[in-house]
Structure formats: C-alpha cells, structure tokens
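Asks: here you go, sequence then predicted model.
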Amino acid sequence: MEKVGIVGYYQLKPELDIMMSPYEAIFTAVRGALDSAGLKRKDITTVVTCTNDYYDGKTISNCFKVEAGGAYMKDETKVELDGAHAAAYGLYRILSGNHKLAMIYGFSTPSCYFYEPVRILELDPTFDRTMSVINPYTTGGMQMRAYMKAFGVNEEDIAKVAVQNYKNCSKNSLALPEAKKPDISVQDVLDSEILSSPLRRLMYPIPCDGATAMILAPERQSLKITDNPVWITGMGQCQETYYLGDRDLSISVSMEKAAEKAYKRAGINDPKSEIDVAEIFGHTSCEELILAEAAHLSEKGKGAILLDSGPALNPSGGAMSAFTPCASGLTRLVEAAKQLRGEADGYQISGAKKAIASGQVGFCAQNNIVFVLEGGG
Amino acid sequence: MPLPAYIKKDYKRTRTLHGNWYLMNYKYKFNLSRTKVFLKGLKEGHILGLKCRSCNTVSFPPRLICGRCLVMPDQWVRLPETGTIATGSASYDTNDKNRERPLPVIAVRQDGADTVWLHNMPKDIDFHSIYIGMPVKAVWAKERTGSWFDIDHYDAIEDPAIELNKKEQEK
Amino acid sequence: MAHKVQPAIISCGFCEHASKRSDVNMAELVNEAVEDCIKKANIDWKDIDAVINGNMPAFEGANMPELWMGDHMAAKNKPMLRVTTGGTTGGSVTIAGYYSVASGLYDMVLAIGFEQQSCGDTTVGLASVGLGEFTIFSDLGYTIERMRSNMGGGAAIGIASYQAMNYMRRSRATEEDLARVVVQNRRNAAKNWWTHLKMPSITIEDVLDTPYISYPLRFGMVCPASDGACAMLITTEEKAKQIADIPVYINGVASYSNESAILGIDCAGAGQVDPCEQLGAMKSAEVAYGQAGISFPNKEIDYAEVYSPFPNQELMWVERVGLFEENKAPEAYQNGVTALNGELPVNCSGGVNSTNAIGASAMERPAEAALQIMGKAGNQVPKTVHTALGHGWGGSINLITHVVMSDEPQRKWR
Ligand SMILES: [Zn+2]
C-alpha cells in the first residue's frame, strides 16, 4: 500500500451539552483542520462525511451539511459508520489517484437524543429488538463476563484500565471535563453504579457532543503541505457475524483479521515491539483490552500488562476522553497522529515512531477497522 | 468586576428545540446569532440581508455559513421591499374538498439577495397568473411581533417587462 | 507512482421489485439480488474481498442494518463499508465500489443497494429530511397551516413541482410532454422482468386523466414506492477479462454537491435560486466525462439511464448531463430519439418512474447501463452500446452521482 499523509486535523472540545448548532460545530472543525494545515477551501477535492441519520434525527443527514463541511461543488459522500470508516473511504479516494486532498469529518450530538435507546435500532428487528434484552449495557456485561471467565481475569484488572484512562484524560486538554479524574482509585470504579453485572458505570464512557475533522493527502502532496506529516501505511477492516451466540465474546475475530491485514500492508512483523502507541476505541474498558489483545499487542488474557509495559495503550484516555458517536474512531486516529507528530501536549510518549488507531461499530465491536500510522517527515 | 451580562449568557446563542422522529425524542439545536438580528429587523420594519465579505453573496434570510468561502458572514445590509418570484407552486388545502382555491406558494428572491425563501401570495390571486420572474412586493403584517411572518405575504406589482415585451412584439 | 487499477463491472443482480414484498424480510430481499449477481458472474462468494452497501435507513426504521444482515450479503469476516447519501445512495455505493478497487486494496468488491419501503413509512422518512428545520421554523413563528401548505406534500414531490414549474417555463414543455415521458417509461418497464409498474398499453390520455398531486405533477406521473435490491460486482481489469465475456469498465465517476434547494441550513434560504439550473449535475458530468475522455457526450454516449422519479426531471437531466441541447429534450422525446430503437435510448429499463426502491434506484441506473453494454439487459436495445451513463440525484436536489462506463478501458493521462 502506498503511503497517505495526514496533513491536518482539528478536534472540537467535547462537551456533554454543547452550545452550538450542528452546522456551527462542523464548520468549526472543518475550518480548524484547514487552518491547521494552512490550506484553503478551494484546495479540497473531496469530502467524506460521517454522520448518522438516527443520531441526527433526520433523513439524509448530509443533505444540509454541504456548506458547513466545505463540500460546496466538491466530490462529497457520506459513510454511515464510525469516523474511522470515513477515513478509510477517504484513503481509497486518495489512493485511486482521482483526488489530491480529502477532508474527513465525523460529528454527532448525543445531548440531542438518548444514545443507548437509539442503538437498539441497530438490532435485528424480528427477534433481538422485540426481546429488548440486548442493549449496549447488557452486551458490555456479557462480553466482560465471557472475558473474565475465559482468561481468569478479575474485576480489579479491568477497573485498573478504567483508572488509567481517567488519569490519562486529566492530562489531555481536549478530554471531556467530566472524565478528568486524576485522583480516582480502583475501588471507586468497583463501587460505582452497576450497569449490567459485572459492568460498572465508570467502565463505560459518557457519550458526549463533538466533531473531529482530518485532512488526508497523497505522499507527494503531503510533503508540499507540511514538513511533518503522519503517514498511514496500513489499513485493515473486518466485520464478523452478528448473533452474539455465534461469537466468542472473549476474543475479537474481526479485530484480529483487521489488524493482521493492516500489519501485512504496513510490513510490520512483530507488533508488540514495533508499535509504540495504540489508540484503541473500546465501548467498555474490557472491550479495550480484548481489542488490544486481538491486535496482537499482548497475549490473550494478558492485556492488563499493557498498562505497565509494551506499547502505550490509549495515552489520550481513549474512548473515555471523547466518546462521540460517528467521531470516536476518527478522534483516535487524530490522537495517534498527534503522538507521532509530537503535538500531544502533556501526554506525549517520547520517541513514538509507529502507532495504531482503531474504530468500530456494532455490538461487542462487530465491525472493526485498524490503521497503522508512522511518523517522520 | 462582574462580567457583562451578554458574555455570561452565551447559551442565548444556541436554542434547543424538541422534536419527534420514529418514536424517539430528539432535540434540535440551532444558532440564533444571525436569526435574532434578522427577526429584530423585521419587527422594526427593516429587511436585512447578510453579506459575505469574501464573495459578496447576500443571503436573505441570513445564513450562518457561506459555503463558497467557508466563513461566517457578518455584514448586514438593508434590502428593498421588492423581489422577484424564483419559482412557485400551488398548495391545495386538504380541508377544502372542492380543491378550488389553491394557496400560491412562491420562492421569492429579494432584490439584492442571492438566496430564495418560501412565502405565500394572497389566496385571491389566480395561481395561473403567476410566472417566474414576476416582480412582487412585501406586505407587512398588521402587528409585527418579530417573527417569520412579520412579512405577511407578497403581492404582485406592475411588471415593466411585460410592456417592453409587448412593444417588441409590435415591432 | 504505482500502476493504477482500472475497475470493471462484471455482473449485476436484481431481485423482483413490488410494492410489498411481504414474502421476504429485508435480509432475504437483499440476498435474492446478491445470489442473482454472484450466480451470473459464476464465482464463489468466498472470492469477494469486500462488500459495500447502502440504503436509506429512515425508511425501514433500522439503523445500520448491514450489521445484522451481513451474512446475507456474503460479508462474513470481510471488510464492510456503508455509504448512504439519500436518493443517490445506490450511485454512491457504486462509486465507493469503484474507489475500493481503484485504490488497489481490493480485487473483487460487491456493491449492494436495497430498500424495503413496505417495512416503514416512506412519508415519515421523506418528511424528516427537514424535520429539524421544521421544528426550528415553528419556533420562528411559522404556523402549522402555513408550514403544511408551503412544504407541500412531502419533501421530494414538493421540490419536484417547483422544479417542474421552472423547467416548463424555460423549455415551454407542456403537460403532454411530461405524460409522454411517463408513457415511454411504463411501456419499457413492461418488457423488463424485475420492474414494479408494468403498463404495456398506457396512453398519454390515461396519464392526463389522473388528478393533480401538486401542480403540474399528476398522480399518474409520480414514481411508485417499491421494495427491491440491486447488487453489482466490481473487479480489476485483469480479473474481469477472465470472468466476463464483455467486462464493462467504469471510466469516470463524480458526485459533486450543490447547495440545497427550497430549504437551507438552519431555515435560511436556499442557495439554488433556480432548482432546474443544476450546477452540481453539470459539474459532475463535466468531471466524469473528463475522466473518461469524452468530449462530445451527445455523440459519444450510446445509452443513458437517468434518475427521474418525476417526468419533468427526465427531460431536465438529459439536458443537464449534456446529452441534448438545452430545451431540446421534449422535442427529442416527441420524435422518438430516446425510444428503444432510437438514436439515443434513455431509461429503457423503465427508469425510476416505474420502479423506485430508493436505496437501490441510483444503483439500478449504472447496473442497467452496464447490462446494456454487456447485451444482457431485460429490455435490450437493438443497437450495440459502447458507452453508457448512469446518473442519480438525491438530497434536496443537491447531491448528484454520475458514472460513465464503456466496453473498453480508458488509459488515464495520469
Ligand atoms: Zn462567501
């Protein structure tokens, strides 16, 4: 795979109830990304948006966002999954050679709807939706139980992941203010409200409003725009089967396949030692471990090791820092790019050379996408 | 020193509204900063358009973002009361069983503006007499409250182009 | 630069379209089209590298249905992308398929567009295009009576009637001209196996006898709401030559967006003063023809499928995409230029006017155009088709997709 450069990005500061209209939020993110790269609107050749009709409360959610996204008279399209999937489509468009600069943005405002009930509409309408047993909380609980049972992990180990994320959030200036908890302890997590046994409230990120924009450009173009681009060298994606009963929830087949494909394309043989930073988007703290293990960053069931050694797991705070539907995966990608550029103020991993970032949709991370990023101008 | 009131009340910039869709409750947020000035202008009897300093496009009603330049326009300009019909259609009242009196719905381009808005003409106008490019004039509501319909409707005015056409045809 | 990949269509599959496919659920409906497509290409489903799908989620009340329908789309343990852009969904999915192959990352991509409108409420789905805007309008003092009359009869037909007014004024087209388009489409549809409204003996008088929905559009001129799905296999030039007798190379794609018509962002006015001007369509056409190396579309294109739920749009689009001179389309339809055995046949599949499964419609256009080149279409034109066009529109007439294909690959300048 040819290298594609990330030349600019912008994250809107996430808030629980943002005082901005959708168009204003998207405009701020897109404008910010253009300004960060020193580009003009006329330089954009294609715009890939990521919004969701159900998360926006209207049909054809990209229809009125043309002007705000800088897509007036530009090749525009919408991916209705995670922001990272939109980045993948932007990548295809750049790699095809038809486009020189791709603007990608993801946006959603969960303060305008109830995130968990709306996710029920993702379910099979005949059986799962009518039974009303499956929702983001119960699937998180089932997954955590399966993981703990399969590898003999206890709740404390998973609570430790949440604690580390909250501590990382407090160093990240663009993290959700409510998630900044520098003094949190494992006991606090285990004492928090139970959502679905054994999943606790503090192991589950808070949906928040936000928008993230990112600019991709081909290799030659990137070097003209910036001295310090971040290269996407590999990408892998996979969707596994739907029924939870058909899947082994303690592992993630789709993430494994996606990561293997991404490593192969990027020429990485030993991810454990080659990767410095991993920005994994997990819906729960436990899912974060499962996905990190599936990405071969540690052995199965030993994911908690990553908190002390090996690749740095979610130095930005991960999904806990900014869990915006439609933008989380894209935010992970931007956070990984920040680490490689040395722009992660306050939570910089020194000497970070290679990173991975992941995005996902579906219950128990059914559809995963992994990017391998490399720094260096 | 206490902060001035308008800085503290930043939330006034955005309004959140409730709506329903597919059994789900949604809220819709929208930016008031331009709309407020526009409505206040209407209340005072001014027709205000918003001009983009970069491309000189005037939007009426004001748009938050100029899509051509990707900036937020902020220059207000006074517009005349006249406009032209950009397009139109007839709407039949479903309660009116005979379907005799369609309400003319028109998209009006205010003179000096580059965008159109949907408005009405009075019911007693024959819909088939409406044509594209027809000049119209805003008719103010009796009581202006600072709402969208402070301009109650648009009324037809004399079209000099018709006279010119006739003269040309006579030649 | 590494070598660039030339994508090609090798097979297109359809399911039977009807107003209510109550015999199948959405997943089975999609599976019918997918199986038809894979069977015709004579490959195994395991050969497919990636799947791209799309529909209009609001119509069935299912968000991201490909998550639970994945196994019916031959997508188990494969990359899956979802592209939805309203009416242009099918076209956008085709274009996404093109880019997936052109990027060099995948060799064989299955693109799927589907819609089962009988599951949900299409009017609710369409009205909620501007639901946020309507909510805001009511806050600005828009009374419910005014809103009902001004937004008139649902989003698509409301805009279409404004557009029809403008087109008829420009081109002096009459209602009879509109009815003639409908008659041509419905009669063509009767000869195509998968279409919805088959009316082999409809006449212009029959159409003009029906009541108005919104002037100048009559009940008999408007597209139906169908259930249906369409699938398409896109692969590289090398593989296509091995698999298909006549591979159809996709030479140009574009999807340029304009400002919305009639309604604007946050209730501000619309940027498209004249909804039949269609800058976006003209720009898309220009770019796609440029990629395909077509300088004279009216001479070089042998067959066109345009997305026209309403007859006035068919007349308008064929002009805007450069197939006819401005305001000359009604005359061409009158002279039979666009008929099955005419010089430039248009919408011989019956068009969207006869079958509208919204998420699939914009994909059925390039799919039918490809089948005409392969010589396998349900209503095959007698002449040989070398270059064809598939077009789509969506949103508030502001999103356009444009796919130009040919039976020989275009060596690109880059
Ligand atoms: Zn401007």
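Replies: Noted; the coordinates are in hand.
Asks: interface residues of chain A facing chain B?
Replies: Residues of chain A that fall close to chain B, judged by CB under 8 Å from any CB of the partner chain: A:18-24, A:27, A:30-31, A:34, A:41, A:54, A:57-58, A:66-68, A:70-72, A:109, A:111-114, A:117-118, A:121. For the C-beta atoms, the positions are set from N, CA and C on the backbone; glycine is no exception.
Asks: and the gap between C:Ala189 and the ion?
Replies: Remark: distance between C:Ala189 and the ion (CB to the ion, to the nearest Å) = 45 Å.
Asks: residues touching the residue most central in space within chain C, list them.
Replies: Most central in chain C under CA atoms, centre = their mean is C:Ala362, positioned 2.1 Å from the mean C-alpha point. Counting by CB atoms under 8 Å, 6 or more residues apart in numbering or on different chains, C:Ala362 makes contact with C:87-92, C:94, C:113, C:307, C:392-394, C:401.
Asks: so can I have JSON lines of those residues showing neighbour count?
Replies: As requested, these are exported to JSON lines (neighbours: other CB atoms under 10 Å in any protein chain shown):
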{"residue": "C:Gly87", "neighbour count": "29"}
{"residue": "C:Thr88", "neighbour count": "34"}
{"residue": "C:Thr89", "neighbour count": "34"}
{"residue": "C:Gly90", "neighbour count": "36"}
{"residue": "C:Gly91", "neighbour count": "34"}
{"residue": "C:Ser92", "neighbour count": "32"}
{"residue": "C:Thr94", "neighbour count": "35"}
{"residue": "C:Gly113", "neighbour count": "34"}
{"residue": "C:Tyr307", "neighbour count": "27"}
{"residue": "C:Gly392", "neighbour count": "34"}
{"residue": "C:Trp393", "neighbour count": "29"}
{"residue": "C:Gly394", "neighbour count": "30"}
{"residue": "C:Thr401", "neighbour count": "33"}
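Asks: which one of these is nearest A:Gly359?
Replies: C:Ser92 (20.1 Å; CB to CB).
Asks: wait, doesn't that closest one sit right on C:Ser257?
Replies: No - C:Ser92 lies out of contact with C:Ser257 (CB atoms under 8 Å); the separation is 11.1 Å.
Asks: hang on, the earlier thing: could you look up the SS state of the residue nearest to the centre of chain C?
Replies: Look at C:Ala362: counting by DSSP: H, G, I helix; E, B strand; the rest coil, its state is helix.
Asks: ok, now how distant is it from B:Ser33?
Replies: 37 Å (CB to CB, to the nearest Å).
Asks: so, low pLDDT: which residues of the stretch 101-250 of chain C?
Replies: C:148-157 (pLDDT under 70).
Asks: show me what from it comes close to chain A.
Replies: C:102-105, C:125-126, C:128-133.
Asks: weed out the non-buried ones from these.
Replies: Among those, those buried by neighbour count (16 or more other CB atoms under 10 Å in any protein chain shown) are C:102-105, C:125-126, C:128-133.
Asks: for these, which one is nearest the ion?
Replies: C:Glu133 (21.7 Å; CB to the ion).
Asks: so does stretch B:105-124 get close to chain C?
Replies: Yes - Stretch B:105-124 is in contact with chain C by CB under 8 Å from any CB, via B:105, B:107, B:109, B:113-120.
Asks: identify the farthest-apart pair in those residues.
Replies: It's B:Asp114 and B:Asn120 that sit farthest apart of these, by CB to CB, at 21.8 Å.
Asks: any idea how far the one residue in the stretch 301-414 of chain C that gets nearest to chain A lies from C:Ala285?
Replies: Closest residue of the stretch 301-414 of chain C to chain A, CB to the nearest CB: C:Gly395 (3.7 Å). Separation of C:Gly395 from C:Ala285 (CB to CB): 17 Å.
Asks: try C:Lys39
Replies: 34 Å.
Asks: of these two, who's got more company?
Replies: C:Ala285 (26 against 11; other CB atoms under 10 Å in any protein chain shown).
Asks: packing partners of whichever helix or strand the more buried one is part of?
Replies: Per DSSP states H and E: C:Ala285 is located in helix C:279-292. Judged by 3 or more CB pairs under 8 Å, 6 or more residues apart in numbering or on different chains; DSSP states H and E, helix C:279-292 is in contact with strand C:248-254, helix C:311-320, strand C:387-394, strand C:399-406.
Asks: A:Pro177: which of the ones you listed is closest?
Replies: strand C:399-406 (37.1 Å).
Asks: please consider this matter closed, and thank you.
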